[in-house]
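Below is the structure, and that's it, no one-letter string:
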């Protein structure tokens, strides 16, 4: 499986419903085809509690190694991704909710004074709750309480969940102060990164050059590369190769296509080069992955 996204990298999955926009999900990285979930975003806030193993979690340019008992606050509308460390699995609970569960209605005092400043501060795209500060323990206890309350699923569970989310937010406001809004340049850089990712999603199966990508965001090629490396901690070329390899996995596991066909479907003009890149990234050949991947599925 893999996270389903639209052409803008927005996750398609519904997080609750209009009446109660809240979702609790139990996840493990090994459920994903590559041991990682791809870059995506959603308008909801996400709280992730690690319940087993560890994960390399990235939000924009920030990378975190989170272990069992730690958690992460991921703000609304920010790009994030996660992957295995040392090929070991990770189990985690994901609590995703619409910010209106905190503030009630648009333009309320709580919305204007306590929620919108957080949502509009992209320097607060994420906050690791790694127990390095005293208040982290209280925040994690509240998150565990939210999860248990949802599991109980009593008639009053939604009411108690909303109260606990507001307590969590109050704790956040006590210990984290939003700064000034991001500069126009910084915000423009984030939008350019998102535009690059959208273009890669739409065109990865075609011949996609650096000139094409740079022209799409109205930058010279050198600055485009430096921007991407600065925010994504990987070169644009490396990212494109990794993305193509991940997109090739469902074709491989289906067993319906030759290696040459799979290479062609995912933007590789040569099957030998595809195999070389695949081995470098996955540690085995496409044929070996197909064989052992099917065995694992069975």
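Yes, it's here. Predicted, not measured: the structure shown is a model, and the values here were computed from it. Numbering: from 1, shown residues only.

Got the domain ranges for this protein?
Taking automatic domain parsing as the reference, the chain has its domains at 22-175, 185-297.

worst average pLDDT in the ones you listed?
Sorting the domains of the chain by mean pLDDT places domain 185-297 lowest, at a mean of 87.

May I see the buried residues of stretch 75-90?
75-85, 90 (16 or more other CB atoms under 10 Å). For glycine as for every other residue, the C-beta is placed from the backbone atoms N, C-alpha and C.

Among the residues you listed, which one sits closest to residue 111?
Nearest to residue 111 out of the buried residues of stretch 75-90 is residue 76 (CB to CB; 12.9 Å).

residues contacting the closest one?
42-45, 99, 119 (CB atoms under 8 Å, 6 or more residues apart in numbering).

Over to residue 203?
residue 212.

One more: the one 3 residues further on?
The contact partners of residue 206, taken as CB under 8 Å, 6+ apart, are residue 267.

Give me the neighbour count for residue 122.
Close neighbours of residue 122, defined as other CB atoms under 10 Å, add up to 16.

these two touch, right, it and residue 79?
No - if you go by CB atoms under 8 Å, residue 122 and residue 79 don't touch, sitting 10.6 Å apart.

re earlier: mind putting the domains of the chain into TSV with distance to residue 16?
What follows is the domains of the chain, written out as TSV (distance: least, CB to CB, whole Å):
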stretch	distance to residue 16
domain 22-175	4
domain 185-297	24
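
Out of the ones you listed, indicate the one that is most buried.
Highest mean neighbour count of the domains of the chain: domain 22-175, a mean of 17 (counted as mean count of other CB atoms under 10 Å).

what about that domain, how long is it end to end?
Distance across domain 22-175, first residue to last, is 24 Å (CA to CA, to the nearest Å).

Over to stretch 197-215?
The first-to-last residue distance of stretch 197-215 comes to 14 Å (CA to CA).

and what of stretch 123-140?
22 Å.

who touches it?
Residues outside stretch 123-140 that contact it (CB under 8 Å, 6+ apart) are 49, 59-60, 62, 64, 66, 69-75, 78, 80, 118, 143, 168, 171-172, 174-176, 178-179, 182.

where's the closest residue to residue 45 other than its chain neighbours, which helix or strand?
Sequence neighbours aside, residue 76 is the residue nearest to residue 45 in space, at 5.2 Å (criterion: CB to CB, 6 or more residues apart in numbering). Following DSSP states H and E, one finds residue 76 outside all helices and strands.

can you tell me how far residue 76 sits from residue 100?
Distance of residue 76 to residue 100, computed by CB to CB, to the nearest Å: 11 Å.

now swap in residue 83 and tell me
31 Å.

swap in residue 75?
15 Å.

So what sits opposite residue 53 in the bridge?
Counting by DSSP bridges, residue 53 is bridged to residue 90.

Double-check it against residue 69; I have them as touching.
No - the criterion here is CB under 8 Å, and residue 53 misses it with residue 69 at 11.2 Å.

residues contacting residue 219?
Here residue 219 is in contact with 192, 227 (criterion: CB under 8 Å, 6+ apart).

you'd agree residue 24 is in a strand?
Yes - under DSSP: H, G, I helix; E, B strand; the rest coil, residue 24 falls within a strand.

Who's the closest spatial neighbour of it, skipping the chain neighbours?
Per CB to CB, 6+ apart, closest to residue 24 is residue 150, 4.5 Å.

Report the separation between that neighbour and residue 160.
Residue 150 sits 9 Å away from residue 160, going by CB to CB.

what does residue 142 give?
Relative to residue 160, and taking CB to CB, residue 142 is found at 11 Å.

For residue 122 and residue 79, list the residues in contact with both.
In contact with both residue 122 and residue 79: residue 60, using CB under 8 Å, 6+ apart.

For residue 216, give me its contacts.
Residue 216 neighbours (CB under 8 Å, 6+ apart): 195-196, 199.

Redo those residues as TSV? Include distance to residue 288.
Shown next, in TSV, are those (distance: CB to CB, whole Å):
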residue	distance to residue 288
195	36
196	32
199	32
